[in-house]
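Participant: how would this look folded up:
(chains A and B)
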Protein chains: 2
Amino acid sequence: MRDTRSANPVLVEVTRGPLVESRHSGAIAVADADGRLVLALGDVERPVFPRSAVKALQAILLVESGAADAFGLVDEELAVACASHSGDAVHVEAVRSLLAKAGLDETYLVCGVHWPVSDKAVRALIKAGRRPQAIHNNCSGKHAGILAACVHLGLDPRGYERPDHPLQVMIAGIISETCGVRLARGGMGVDGCSLPTWSMPLAALARGFARFGTGESLTPARAAAATRLKQACFAAPELVAGEGRFDTMAMRALAPELFVKGGAEAVHCAALPGLGLGIALKIDDGAKRGDEHALAELLAVLLPKAGAALAEQLDGETVNWHGLSVGRIRASDGLRRALGSLAATPRRQAKA
Amino acid sequence: MRDTRSANPVLVEVTRGPLVESRHSGAIAVADADGRLVLALGDVERPVFPRSAVKALQAILLVESGAADAFGLVDEELAVACASHSGDAVHVEAVRSLLAKAGLDETYLVCGVHWPVSDKAVRALIKAGRRPQAIHNNCSGKHAGILAACVHLGLDPRGYERPDHPLQVMIAGIISETCGVRLARGGMGVDGCSLPTWSMPLAALARGFARFGTGESLTPARAAAATRLKQACFAAPELVAGEGRFDTMAMRALAPELFVKGGAEAVHCAALPGLGLGIALKIDDGAKRGDEHALAELLAVLLPKAGAALAEQLDGETVNWHGLSVGRIRASDGLRRALGSLAATPRRQAKA
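Facilitator: As a prediction, this is how the structure comes out:
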């Protein structure tokens, strides 16, 4: 039945009136830096594409290579290199500045073009009679960071998106070592922005984010790079996503206890440095409402302040176009039970 | 395991490179007017909210009551009364005209406000410095049709959205009789546009659409009303959805062999009059890409012309922002096997 039936449990339910109208199944891994699983719900060994959830791991090279220091990058520029940004003016300026410091401009970007995530940015472009450019692509900061590392290392930026470009080989090495997993070319996909995305199990991703959060099992230089990137994202959380979006709101409220980054197709990763844990989850169907709700429920169990900080997300009320309350997004009984067990598990004390 | 595990099979897979990245489970019912199931994949007895997929059934009263004739409604106005429209000028004009013929205007609409589905319409509003109005709501035609029936029957339109308003009681009766199912108040939800949505099994919905398509098991007046609505949608398929959208494209290519209408949360219904069959399907997670692909695969088996007409949908290639082919939306092995069996089943000859 492997081909025809989802092996993962329902994690999130969408109710309407008296019924469950829709269901999101998926898997969640919570692990420490040694890969010990504190929670494994669903199939956490099935490979998934981490997509944009690992942008901070992809950005490690920018710092570790010395490029960030050499170009004098500031928090906003490092944060946007880790971002799936909304394409607002603040993001476009940070990407442009990052590129300029490396002596480049946006003509080098091969991420492709889409309308900004931000409605405000869309309206501004339309009112000005303009079309979006590559710099508005939510991935333009990641691409700019990779280009800056290219320049610093004296590499030809042409073809920087290809898996055999030296930069991509180095980035794959960092991801592989951080997550403690071998990346196979046969498990590679091409991301929405044309960079390679390397499939791996959620269990490995969670371990990688535990290491990214704590620095444990990383070389000193890599641990320092992870710290620098986290600090940048904590200092400028609006650069990592945008106003009104989950990652920005959650880090604004919960940093430095939480680093969090989502990706397309409902992958979400997080690091909880104080607890020494990493989180990786994926909703099978790719629905953002599913991964964000499941993650909020999980964070509410792990971080004392998360219940209040994510109250609206946790409430999950859905309101129709006429302002009527019509239903709710909520944890399934299965997720609730698993989180109940997790809450009862003793955990390492948060570091002072 | 009922609470924590989806009971339905995976119907549609989304691949990226070498892997299946995301999965959509769901259920499909294909039935004749007597309710005999030609195909039952997944749980077709679990109640689902049909949402906008039954707008044509909700519109029957508009014709059956004599309102459509009394007000001299034309194809475009009847089609938009069955529509989840894109909010383009052609839709807004048809709704406005329908309301005007009934002596009403858009201030009577309680469907609420959202930005038009159509990017072109959104851009036009922004360029003009305007906000959307209730008439841009994809359901405004349905509401206008209900209001016109109210006026014709001498009923107070106030509160026309409430389940105990005489119009809603009559509409619920029509849906109940057409689908051959008792509608329980305990299974009612409130739709996005504030009208009641009555849950029922996919098997009943499929039977209802077989009857809507053929007129079988309906009173002569109701069968005539169904014929009039179908003819209107076939004559003006761009009014039922909008340019580039599945229902419009499919009916433009396949009418009068196909009437089709989707609803929110990935419900889709269709009538195949020549084959005497109705279709109802729902993807568990509510993803449109899932229901549209599954329906296209099913139609390609049932209607000889559908393979060519829906070729792009069936191909399912996904292309990233840079124009690279990155994956595919495709039928699962389970769906493919079920459709293989269906193709081998003898069916009633299409009527001449």
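Participant: touching stretch A:166-176 from outside, list them.
Facilitator: Residues outside stretch A:166-176 that contact it (C-beta atoms under 8 Å, 6 or more residues apart in numbering or on different chains): A:54, A:57-58, A:60-61, A:64, A:146, A:149-150, A:153, A:155, A:160-163, A:182-183, A:195-196, A:198, A:208, A:222. For the C-beta atoms, the positions are set from N, CA and C on the backbone; glycine is no exception.
Participant: of the residues you listed, which belong to helices?
Facilitator: Those of the contacts of stretch A:166-176 mapping onto helices are A:Leu57, A:Gln58, A:Ile60, A:Leu61, A:Glu64, A:Ile146, A:Ala149, A:Cys150, A:Gly208, A:Arg222, per DSSP state H.
Participant: ok, A:Asp284 touching A:Ile28?
Facilitator: No. Contact criterion C-beta atoms under 8 Å: A:Asp284 and A:Ile28 do not qualify, at 11.9 Å.
Participant: pick out whichever of those two has more residues nearby.
Facilitator: A:Asp284 (32 against 29; other C-beta atoms under 10 Å in any protein chain shown).
Participant: hey, where'd the helices end up in the stretch 101-250 of chain A?
Facilitator: A:119-127, A:140-152, A:166-179, A:202-214, A:220-235, A:237-240, A:246-254 (DSSP state H, counting those that start in this stretch).
Participant: what does the average pLDDT come to for the fourth one?
Facilitator: The one in question is helix A:202-214. For helix A:202-214, the mean per-residue pLDDT is 98.
Participant: tell me what that helix is packed against?
Facilitator: strand A:19-32, strand A:37-41, helix A:55-64, helix A:166-179, helix A:220-235, strand A:259-263, strand A:267-272, strand A:277-283 (3 or more C-beta pairs under 8 Å, 6 or more residues apart in numbering or on different chains; DSSP states H and E).
Participant: now the fifth one: average pLDDT?
Facilitator: In this case it means helix A:220-235. For helix A:220-235, the mean pLDDT works out to 98.
Participant: please apply the same query to stretch A:125-136.
Facilitator: Here the average pLDDT along stretch A:125-136 is 96.
Participant: C-alpha coordinates for that stretch, PDB please?
Facilitator: The C-alpha coordinates for stretch A:125-136 follow below in PDB (Å, rounded to 0.1, in the frame of the first residue of the first chain):
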ATOM      1  CA  LEU A 125       4.700  48.100  -8.600                       C
ATOM      2  CA  ILE A 126       1.300  48.200 -10.300                       C
ATOM      3  CA  LYS A 127       0.600  51.800  -9.400                       C
ATOM      4  CA  ALA A 128       4.100  52.700 -10.800                       C
ATOM      5  CA  GLY A 129       3.300  50.800 -14.000                       C
ATOM      6  CA  ARG A 130       6.200  48.500 -13.300                       C
ATOM      7  CA  ARG A 131       6.800  44.700 -13.600                       C
ATOM      8  CA  PRO A 132       8.600  42.700 -10.900                       C
ATOM      9  CA  GLN A 133      12.300  41.900 -11.400                       C
ATOM     10  CA  ALA A 134      14.600  39.100 -10.100                       C
ATOM     11  CA  ILE A 135      15.400  41.200  -7.100                       C
ATOM     12  CA  HIS A 136      11.700  40.900  -5.900                       C
END
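Participant: tell me which residues are up against that stretch.
Facilitator: With C-beta under 8 Å, 6+ apart as the test, stretch A:125-136 has contacts from A:87, A:92, A:95-96, A:106, A:109-116, A:121, A:140, B:122-123, B:126-127.
Participant: circling back to that earlier point, redo the helices of the stretch 101-250 of chain A as CSV? Include mean neighbour count and distance to A:Leu335.
Facilitator: Shown next, in CSV, are the helices of the stretch 101-250 of chain A (neighbours: other C-beta atoms under 10 Å in any protein chain shown; distance: least, C-beta to C-beta, whole Å):
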stretch, mean neighbour count, distance to A:Leu335
helix A:119-127, 17, 31
helix A:140-152, 27, 31
helix A:166-179, 19, 24
helix A:202-214, 29, 15
helix A:220-235, 20, 27
helix A:237-240, 26, 26
helix A:246-254, 21, 17
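Participant: I'd like these as TSV, with distance to A:Lys288 appended.
Facilitator: Below are the helices of the stretch 101-250 of chain A laid out as TSV (distance: least, C-beta to C-beta, whole Å):
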stretch	distance to A:Lys288
helix A:119-127	16
helix A:140-152	19
helix A:166-179	23
helix A:202-214	17
helix A:220-235	20
helix A:237-240	16
helix A:246-254	8
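Participant: wait, what's in contact with the residue nearest to A:Ala89 when sequence neighbours are not counted?
Facilitator: Sequence neighbours aside, A:Ala121 is the residue nearest to A:Ala89 in space, at 7.4 Å (criterion: C-beta to C-beta, 6 or more residues apart in numbering or on different chains). Contact analysis of A:Ala121 by C-beta under 8 Å, 6+ apart lists A:Ser86, A:Gly87, A:Asp88, A:Ala89, A:His136.
Participant: give me every residue that touches the nearest residue to the first one once chain neighbours are set aside.
Facilitator: Think A:Ser86. Using C-beta to C-beta, 6+ apart and skipping the chain neighbours, the partner closest in space to A:Ser86 is A:Gly242 (2.7 Å). Shown in contact with A:Gly242 (C-beta under 8 Å, 6+ apart): A:His85, A:Ser86, A:Gly87, A:Asp88, A:His91, A:Val117, A:Ser118, A:Thr248.
Participant: most surrounded residue in those residues?
Facilitator: Counting neighbours by other C-beta under 10 Å, A:His85 leads those with 31 neighbours.
Participant: so that one, which state does it fall into?
Facilitator: Counting by DSSP: H, G, I helix; E, B strand; the rest coil, the backbone at A:His85 sits in coil.
Participant: please report how far it lies from chain B.
Facilitator: Counting by C-beta to the nearest C-beta, to the nearest Å, the gap between A:His85 and chain B amounts to 14 Å.
Participant: next one: phi and psi at that residue?
Facilitator: With angles defined as degrees, to the nearest 10, A:His85 sits at phi -80, psi 160.
Participant: that one contacts A:Pro237, correct?
Facilitator: No. The criterion here is C-beta under 8 Å, and A:His85 misses it with A:Pro237 at 11.4 Å.
Participant: look up how far A:Val95 lies from the residue nearest to A:Ala89.
Facilitator: As for A:Ala121, its distance to A:Val95 is 13 Å (criterion: C-beta to C-beta, to the nearest Å).
Participant: low-confidence bits of the stretch 151-300 of chain A, can you list those?
Facilitator: Counting by pLDDT under 70, the stretch 151-300 of chain A contains no low-confidence residues.
Participant: got the residues of it near chain B?
Facilitator: A:161, A:186-194, A:197, A:199, A:265-266, A:283-287, A:290 (C-beta under 8 Å from any C-beta of the partner chain).
Participant: just the buried ones from those residues?
Facilitator: By neighbour count, with 16 or more other C-beta atoms under 10 Å in any protein chain shown, those hold A:161, A:187-194, A:197, A:199, A:265-266, A:283-287, A:290 as buried.
Participant: what's the closest non-adjacent residue to the residue nearest in space to the middle of chain A?
Facilitator: By C-alpha atoms, centre = their mean, chain A has its centre lying nearest to A:Lys261, at 2.3 Å. Leaving out its chain neighbours, the residue that sits closest to A:Lys261 by C-beta to C-beta, 6+ apart is A:Ala53, at 5.2 Å.
Participant: I figured the one you found was touching A:Cys269, is that so?
Facilitator: Yes. Counting by C-beta under 8 Å, A:Ala53 does reach A:Cys269; the two are 4.2 Å apart.
Participant: between those two, which contacts overlap?
Facilitator: Overlap of the contact sets of A:Ala53 and A:Cys269 (by C-beta under 8 Å, 6+ apart) consists of A:Leu205, A:Lys261, A:Gly262, A:Gly263, A:Ala280.
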